[in-house]
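>>> build me a model from this:
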Amino acid sequence: MPEDIKPNAKRMSMIVTKGTLDWAYPPFILATTAAAMGLEVTMFFTFYGLTLLKKKLDLEISTLGNPAMKMPMMGMHMVMPNLISTVPGADAVATAMMKNLIKRKGVASIEELRQAAIEAEVKMIACQMTMDLFEYTMDDMIEGPVLGGAATYIETATKSEINLFI
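All right, here's what the predicted structure looks like:
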């Protein structure tokens, strides 16, 4: 192997910790893009990110704590203030608006991106501790992920040149 080629240059790992609709996109887009570029990709799903591996996804977004959330409406970008999150049903409305925007703009769904990751042979690890903590079983999850713990992720991360926490 030539001296200027690093054995780690073709690997990327990421820890996925969020399970809302808006936080589900970055890890799957990055994983599928990296895989398409020839990198070996491993995703470690822990805490609320673990829900992204469930067979049935029911992803939502929340306006609470998200001051940067600006939705294109009426020809401009309207801010969804934190105060709106106190209104009953606000998260459902925000989620419906986001899903409609995603569909209108032709953006792939999380289910489609997740399937693309599987087809691209992205390795998905379900955190054993989180599975136990939230009382999930592998029957609750899609086909493909393997069980592993922090040591499994650390072993992968030490062999990766790119490590992300999302």
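>>> next, name the residue at the spatial heart of the protein.
Residue closest to the average C-alpha location in the chain (Cα atoms, centre = their mean): residue 24, at 3.4 Å.
>>> check contacts around residue 157.
Neighbouring residues of residue 157 by Cβ atoms under 8 Å, 6 or more residues apart in numbering: 13, 163. C-beta here means a position set from N, CA and C on the backbone, and glycine is covered the same way.
>>> let me fix that, I meant to ask about residue 136.
Contact analysis of residue 136 by Cβ under 8 Å, 6+ apart lists 50, 54, 126, 130.
>>> give me the buried entries from the residues you listed.
Neighbour-count burial (16 or more other Cβ atoms under 10 Å) is assigned, among the contacts of residue 136, to 50, 126, 130.
>>> cross those residues against helices and list the overlap.
Members of the buried ones among the contacts of residue 136 lying in helices (criterion: DSSP state H): residue 130.
>>> from the buried ones among the contacts of residue 136, pick the one nearest residue 39.
The nearest member of the buried ones among the contacts of residue 136 to residue 39, counting by Cβ to Cβ, is residue 126 at 21.1 Å.
>>> returning to that earlier point: could you measure from the residue nearest to the centre of the chain over to residue 57?
8 Å (Cβ to Cβ, to the nearest Å).
>>> spit out the residues that contact those two alike.
Contact with both residue 24 and residue 57 is made by residues residue 110, according to Cβ under 8 Å, 6+ apart.
>>> just flag the most distant two among the contacts of residue 136.
By the measure Cβ to Cβ, 54 and 130 form the most distant pair in these, at 12.0 Å.
>>> can you pull out the helices in this structure?
Assigned by DSSP H, the chain shows helices spanning 21-36, 90-104, 110-119, 128-133, 150-157.
>>> could you say which one of these comes nearest to residue 142?
helix 110-119 (7.1 Å).
>>> so for the closest one, what gets flagged as buried?
Buried, per 16+ other Cβ under 10 Å, within helix 110-119: 110, 113-117.
>>> cool, and stretch 90-109?
So for stretch 90-109, counting by 16+ other Cβ under 10 Å, buried means 90-91, 94-95, 98, 109.
>>> need the mean per-residue confidence for that stretch.
Mean pLDDT, computed over stretch 90-109, is 88.
>>> low-confidence ranges, the protein, go.
Along the chain, the model assigns pLDDT under 70 to residues 1-9, 63-74, 77-86.
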